[in-house]
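J.: Provided below for reference: sequence and predicted model.
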Amino acid sequence: MKKIDVYKLELKILILFVAAIILTFITMMLLSLLVHITQNILIVEFRVDLDTYNASFILGQMKQFKSVTYCIVFVLWFHLLFRKKVVCFLQINETIQDIAKGDFKTRISNDYKNEYGSLATLSSNINIIMDKFTLAIADERRAEQTKIDLITSVSHDLRTPLTSIIGYLQLVDNDEYQNEFILRSYINIALTKSKALKVLIDDLFELTTLDNYGIKISKNKINIIELIKQLAIEHRLNFKKANIECRLNVIDEKIYVMGDSNKLVRAFENLIFNCIKYSKFSRFMDIIVTKIGFYAVLEFINYGEQIPPMELPYIFERFYRVDKARSQETGGSGLGLAITKNIIELHDGKIEVTSNASRTEFKVVIPLWLQ
C-alpha cells in the first residue's frame with residue numbers, strides 16, 4: 001500500500017469530520033436566529049413579555065442545554081454523512097465473511113459505485129476477484145473432468161489392443177496352434193496390435209505435450225503450395241491402395257506462411273489420412289488451396305458418409321469417434337484431429353468442419369507471411 005493512499009483516505013475522513021462540525025455550527029446559528037426572530041415577533045406583534053410567557057422557555061432551554069444541543073446536532077450530521085459509508089463497509093465485511101464460509105456466489109452491491117471512490121473501488125475489486133476465482137474453480141473442475149475422461153478413454157484404448165496381444169502370445173506360449181501358418185497368423189495379429197498400440201501411445205504423448213506443456217515451434221517462411229504438392233506425391237501409394245484419386249486444386253502463385261514445416265506436415269497428413277479412411281464410397285478426394293485476404297485457406301474434402309450434425313461440435317475432441325466400429329477397423333487412435341487442431345492453433349490459425357450428404361470438408365485458415 002502506498003503512503004499517498006493512506007494520506008488521501010485520512011484526508012477524506014478529516015474533511016467529513018470537519019464538514020460535520022461546520023454543519024453543526026451552521027445549524028445552531030440557524031436555530032438561534034430562528035428563536036431570536038420568534039422572540040421579536042412575539043414581542044412586537046403580540047406584545048408578549050417573554051420573561052413571564054411560556055415561549056421564553058425555548059430560549060432558556062437553548063441556553064441551558066447549549067452543549068448538549070451541539071452534541072445532538074453533531075451526531076445527527078455525522079450520521080447523515082457517514083451512514084452510507086458505514087453500511088458499505090459492513091456489507092463488504094459481511095460479504096468477506098460469507099466468502100470465508102465457502103459461499104463463492106455472493107457479491108457486493110454496486111449501489112455506492114458513483115458516490116464513494118475508495119469503498120466503491122474496494123467492493124468492485126472484491127467482485128472482480130470473486131468472478132475470476134469462480135472462473136478458475138470452473139476451469140479446474142473442467143480440467144479435472146477432462147483428466148478423468150482422458151484416463152477412462154486411455155484405459156479403454158490401451159486395454160483393447162493389449163488384451164489381443166496378450167491373448168495371442170498366450171496361445172503361442174501354450175503351443176495352442178496346429179501348424180506354422182496359424183502360428184505366423186497369431187504373431188502377425190500381435191504385431192499389428194502392437195503397432196496400433198505404439199501409434200496410440202505416440203499420439204497421446206504428442207497431444208499431452210501440446211495441451212499441457214506447450215511446444216516450441218520453429219517458424220520459418222514456408223511455401224504452402226509446394227508443401228501440399230509434396231505431400232500429395234509422398235502419399236501417392238496410400239491413395240493407390242485406397243483406390244482414391246487425390247485431386248489438387250491450387251493457384252499458380254506462391255503462398256507463404258510462417259510456420260513449422262514438420263508440425264504442419266503432421267497436421268495436413270492427419271487430414272489426408274482422415275479423407276482416405278472415410279472416402280470408401282468415392283474414387284476422389286480434393287485438396288484446394290486458395291488465398292483470401294491475409295490468410296491461406298486449405299480445404300480437405302472427401303465424399304464419404306455424412307457426419308451427423310450433432311457430432312460435428314465434438315469432432316476435434318480427443319478420443320472422440322463418430323463411428324466406434326469403423327474407427328476400430330481403420331486403426332485410428334482417435335487423437336489425430338485433436339492434434340491437428342492444436343497444431344493449427346499454434347500457428348494462429350483455425351480449423352472447422354462441415355458435412356452434408358454429398359461431402360465432408362475440413363477447412364484450415366492460416367495467416368499469410370507478410371513482408
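T.: Sure thing, it's come through.

J.: Quick check: which ranges of the stretch 251-371 of the chain have low pLDDT?
T.: 280, 318-334, 371 (pLDDT under 70).

J.: let's see 80
T.: Applying pLDDT under 80 to the stretch 251-371 of the chain picks out residues 251-253, 279-281, 317-336, 370-371.

J.: Same question for the stretch 51-200 of the chain.
T.: 51-75, 77-131, 133-134, 136-140, 142-161, 196, 199-200.

J.: what helix or strand is the residue nearest the centre of the chain on?
T.: Closest residue to the average C-alpha location of the chain: residue 139 at 7.4 Å, with CA atoms, centre = their mean. Using DSSP states H and E, residue 139 falls within helix 117-173.

J.: can you pull out the helices in the protein?
T.: 3-44, 56-64, 66-100, 117-173, 180-208, 224-234, 236-241, 261-277, 324-330, 336-346 (DSSP state H).

J.: Which one, of those helices, ends up nearest to residue 362?
T.: Closest approach to residue 362 among the helices of the chain (CB to CB): helix 261-277, 5.3 Å. C-betas here are computed from N, CA, C, even on glycine.

J.: can you list contacts of that closest one?
T.: 217, 220, 222, 224, 227-228, 231, 235, 238-239, 242, 244, 246, 285, 287, 298, 300-302, 330, 332, 336-337, 339-340, 343-344, 346-347, 362, 364 (CB atoms under 8 Å, 6 or more residues apart in numbering).

J.: What's the ChimeraX line that selects buried ones from these?
T.: Buried residues among the contacts of helix 261-277 (16 or more other CB atoms under 10 Å), as a ChimeraX selection:
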select :217,222,224,227,228,231,235,239,242,244,246,285,287,298,300,301,302,332,336,337,339,340,343,344,346,347,362,364
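
J.: For the residue lying closest to residue 358 once chain neighbours are set aside, give me its contacts.
T.: Counting by CB to CB, 6 or more residues apart in numbering, residue 358 lies nearest to residue 303, which is 6.7 Å off, once chain neighbours are set aside. Taking CB under 8 Å, 6+ apart, we find residue 303 in contact with 279, 281-282, 284-285, 358-360.

J.: mind putting those residues in JSON lines, distance to residue 175 included?
T.: Shown next, in JSON lines, are the contacts of residue 303 (distance: CB to CB, whole Å):
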{"residue": "279", "distance to residue 175": "43"}
{"residue": "281", "distance to residue 175": "44"}
{"residue": "282", "distance to residue 175": "47"}
{"residue": "284", "distance to residue 175": "49"}
{"residue": "285", "distance to residue 175": "47"}
{"residue": "358", "distance to residue 175": "54"}
{"residue": "359", "distance to residue 175": "52"}
{"residue": "360", "distance to residue 175": "48"}
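
J.: Show me which of the residues you listed are buried.
T.: Going by neighbour count (16+ other CB under 10 Å), those have 279, 282, 285, 359-360 buried.

J.: which of the residues you listed lies closest to residue 164?
T.: residue 279 (27.5 Å).

J.: Quick check: beta-bridge partners of the closest residue to the closest one other than its chain neighbours?
T.: Distances taken as CB to CB, 6+ apart place residue 302 nearest to residue 279, at 4.2 Å, with adjacent residues excluded. Counting by DSSP bridges, residue 302 is bridged to residue 285, residue 360.

J.: Next one: residue 302 relative to residue 229, how far apart?
T.: 19 Å (CB to CB, to the nearest Å).

J.: and what of residue 160?
T.: Residue 160 sits 38 Å away from residue 229, going by CB to CB.

J.: and if you look at residue 87?
T.: 73 Å.

J.: again, but for residue 360
T.: For residue 360 relative to residue 229 (CB to CB), the value is 23 Å.

J.: again, but for residue 103
T.: To residue 229, residue 103 is 61 Å away according to CB to CB.

J.: Also residue 144?
T.: From residue 144 over to residue 229 (counting by CB to CB), the distance is 45 Å.

J.: Looking at these two, which one has more neighbours?
T.: Higher neighbour count among residue 144 and residue 229: residue 229, with 15 against 10, using other CB atoms under 10 Å.

J.: show me the residues around the more buried one that make contact.
T.: So residue 229 contacts 248, 250 (CB under 8 Å, 6+ apart).

J.: 10 Å instead, please
T.: Residues near residue 229 by CB atoms under 10 Å, 6 or more residues apart in numbering: 223, 248, 250, 287, 289.

J.: what number of residues lie near residue 173?
T.: Residues within reach of residue 173, counting by other CB under 10 Å, total 9.

J.: tell me the contacts of residue 175?
T.: Residue 175 neighbours (CB under 10 Å, 6+ apart): residue 183.

J.: Any idea how many residues pack against the residue nearest to residue 309 when sequence neighbours are not counted?
T.: Leaving aside its sequence neighbours, residue 309 sits nearest to residue 355 (CB to CB, 6+ apart; 7.8 Å). Residues contacting residue 355 under the criterion other CB under 10 Å number 20.

J.: Isn't residue 355 up against residue 313?
T.: No: in this structure, residue 355 is not within contact of residue 313 by CB atoms under 10 Å, at 11.9 Å.

J.: Do I have it right that residue 24 meets residue 79?
T.: No: using CB under 10 Å, residue 24 is not in contact with residue 79; the gap is 11.7 Å.

J.: The closest residue to residue 106 other than its chain neighbours and residue 92, how far apart?
T.: Excluding the flanking residues, the one nearest residue 106 by CB to CB, 6+ apart is residue 98, at 4.5 Å. Using CB to CB, one obtains 11 Å as the distance from residue 98 to residue 92.
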